[in-house]
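Participant: Quick one: sequence plus predicted model below, questions after.
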Amino acid sequence: MEGLFLVAVIVLVSTYGYVRLKRADDAARRYLESGEEKPLQLAHLSETLARIARDTRTLRIYLDSPLHAVREHMRPDPTRTEDDVEAFDAALLDATREVGLWLTTIDGLQPHERQELDALGAGPETIRGALAAENWAFERAQIELKGRPPLDQRLEAVIRELARIETALQGQGRVYR
C-alpha cells in the first residue's frame, strides 16, 4: 500500500511539473511567434555604435522575460514553491547584471563615440537613473514601494527607454562614416 501511495505521489508531482513546463513553453512560443522585429538599420553607424545598437535591442528583448516573471510573481499563486521564488530572484539578479553590463559597455566608449551617441539622442542617463532608483538592483523586496509604481511598470519603463535608444541609434544622423 505504501508503495502505491509513493508511486501516486511521484506521478502527481511529475505531472504537475510537466504541466508547468508546458505552460511556460507555450507562452514562450506565443511570444516568439508574435514578435515582428524589423532589421536594424546600422549602415550609418561606426562598428562600435552598431554593436551598441545590437546590444540595446538584445537587452530590450531579454528584459521581456524578467518583466513577465515580475508580473507572474505579482499574481497570487497558491502553488508557488520556494524554487519558483528562487528562480524569480535569479531572474531579477540576471536582469540587474545585464543592465549593468550594458551601462558598463556605454561607459567604456571612446569620448568621440560617446559624443556621437549623445548627439543621436541615445544617451544612457535615463537607464542609469532607473537602476540607481532601484538601489542598483532589481529585487523582490522592491516589487511595490510606497510612492512608486510597481516593479513591472518600472521595468517596462526601462524597456521603453531601450526601445527609444534603439530607434535613436537607427536615425540617419550622418550618411558617411
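Facilitator: Received it, and whenever you're ready, just let me know what you need. Residues are numbered from 1 along each chain as shown.
Participant: Residue ranges in this protein under the pLDDT threshold?
Facilitator: 17-36, 172-177 (pLDDT under 70).
Participant: residue closest to the middle of it?
Facilitator: In the chain, the centroid-proximal residue (CA atoms, centre = their mean) is residue 63; its distance is 1.0 Å.
Participant: give me every residue that touches that one.
Facilitator: 95, 98, 99, 155, 158, 159, 162 (CB atoms under 8 Å, 6 or more residues apart in numbering). Just so you know, the C-beta spots here come from the backbone N, C-alpha and C atoms, and that holds for glycine as well.
Participant: just checking, the last one touches residue 55?
Facilitator: Read that as residue 162. No - the criterion here is CB atoms under 8 Å, and residue 162 misses it with residue 55 at 9.8 Å.
Participant: Return the member of the contacts of residue 63 nearest to residue 142.
Facilitator: residue 155 (10.7 Å; CB to CB).
Participant: For the closest one, the count of nearby residues, please.
Facilitator: Per other CB atoms under 10 Å, the neighbour tally for residue 155 reads 25.
Participant: next one: residue 137
Facilitator: 15.
Participant: show me the contacts for the residue nearest to it when sequence neighbours are not counted.
Facilitator: Using CB to CB, 6 or more residues apart in numbering and skipping the chain neighbours, the partner closest in space to residue 137 is residue 96 (4.8 Å). Going by CB under 8 Å, 6+ apart, residue 96 touches 131, 134, 136, 137, 138.
Participant: Nice, that's everything, thank you.
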